[in-house]
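S.K.: give me a 3D structure for the following:
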Amino acid sequence: MNLSLRTFALLFALILIHGCTGKDDTSTSQQNAEGNAISQEEDLIVTTLNNVANAESQFSKTKDSRSILRFYTQDYAGVKDGKSQTVKDQETYLAEVLARINSDEPIGILSRVMNIKASVAGTVGWATYEYEYKVVRSGVLQRLSQGLCTAIFRKEGGSWLIRHEHCSTASPTPFFLTPR
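M.R.: As a prediction, the model looks like this:
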C-alpha cells in the first residue's frame, strides 16, 4: 500500500511538472491559428485604410464618389477637428470636389495613411494612424492637412467598413496664449 501511494504521488508530481491538463496538445496550434486569423483581419483593416486613401487620390480621374463611400457604413459618424460628419456630409463634400475637378482649373488630390496600428475583436476592429491630405491646383498646393486618426470598423460581409472615425489635424498653432 505504501508503494502505491508513493507511485501515485510520483505520477501526480510528474503531471504537475509537465503541465499536462488532459487537453489535446492542439490548443497551442489552435491559439496560433486564431492569432494568424486575427493578424489577417488586422491586415485587412490596414488594406481598407490604404484603399480609401488610394480612392481619394484617384478621385480626380475616376470621378466616382462611390469608390470612396463604399468603405463606410451607412450609419457612419465621424469627427474631424471637432466637427461631426456623416455619410451625407461626405457626399456633399465629394460633390463640391467633383465640381472643382470639372472646372476650368481641375484639382488633384494626394491622400495617404501611415503608421497604421490595427486590432480586432470579433466583428469589431479599430486602428490608429497618421494621415496626409493634399489638394493641388495647377501645380500649386492649395490645401495641406496632416494629423492623427482613430477609426472603429465593423465587419459587414467580408469587408471591414469604417463605422466611426475621429481625426485631428496637427496644428502649428501654439497651445499657450500670446502675451500682451
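S.K.: from here on, just use CA atoms for contacts and neighbour counts.
M.R.: Fine.
S.K.: what pairs with the helix or strand hosting residue 126, parallel or antiparallel?
M.R.: Taking DSSP states H and E as the definition, residue 126 sits inside strand 124-137. Sheet pairing for strand 124-137, assigned by DSSP bridges, gives strand 107-121 (antiparallel), strand 140-156 (antiparallel).
S.K.: quick one: closest of those to residue 68.
M.R.: Minimum separation from residue 68 across the strands paired with strand 124-137 (C-alpha to C-alpha) falls at strand 107-121, 11.7 Å.
S.K.: residues touching the closest one, excluding its own?
M.R.: Contact with strand 107-121 is made by 38, 41-43, 45-46, 49-50, 53-54, 56-60, 100-101, 125-138, as judged by C-alpha atoms under 8 Å, 6 or more residues apart in numbering.
S.K.: torsion angles phi and psi at residue 106?
M.R.: As for residue 106, its main-chain torsions (degrees, to the nearest 10) stand at phi -60, psi 160.
S.K.: do residue 103 as well
M.R.: Dihedral pair for residue 103: phi -80, psi -180, per degrees, to the nearest 10.
S.K.: how much space separates it from residue 140?
M.R.: Residue 103 is 16 Å from residue 140, where distance means C-alpha to C-alpha, to the nearest Å.
S.K.: next one: residue 114
M.R.: Distance, residue 114 to residue 140, by C-alpha to C-alpha: 24 Å.
S.K.: what about the chain, any weak spots by pLDDT?
M.R.: Within the chain, the segments meeting pLDDT under 70 span 1-35, 37-38, 171-180.
S.K.: and the residue nearest the centre of the chain, bridged to which residues?
M.R.: Centrality entry for the chain: nearest residue to the mean C-alpha point is residue 127, 3.7 Å, by C-alpha atoms, centre = their mean. Here residue 127 sits in beta bridges with residue 118, residue 151, going by DSSP bridges.
S.K.: what sits against it?
M.R.: 45, 116-119, 150-152.
S.K.: which of these are buried?
M.R.: Neighbour counting by 16 or more other C-alpha atoms under 10 Å classes 45, 116, 118-119, 150-152 among those as buried.
S.K.: of the residues you listed, which is the nearest to residue 168?
M.R.: residue 150 (9.3 Å).
S.K.: would you map the helices across the protein?
M.R.: 2-18, 26-62, 66-69, 87-101 (DSSP state H).
S.K.: buried stuff in the shortest one?
M.R.: Buried residues in helix 66-69, counted by 16+ other C-alpha under 10 Å: 67-69.
S.K.: so how far is that helix from its chain's centroid?
M.R.: Computed by C-alpha atoms, centre = their mean, to the nearest Å, the chain-centroid distance of helix 66-69 equals 16 Å.
S.K.: what about dumping the CA coordinates of that helix to PDB?
M.R.: What follows is helix 66-69, C-alpha atoms only, in PDB (Å, rounded to 0.1, in the frame of the first residue of the first chain):
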ATOM      1  CA  ARG A  66     -19.000  55.500 -54.600                       C
ATOM      2  CA  SER A  67     -15.300  54.400 -54.900                       C
ATOM      3  CA  ILE A  68     -14.700  56.200 -51.600                       C
ATOM      4  CA  LEU A  69     -18.000  55.900 -49.900                       C
END
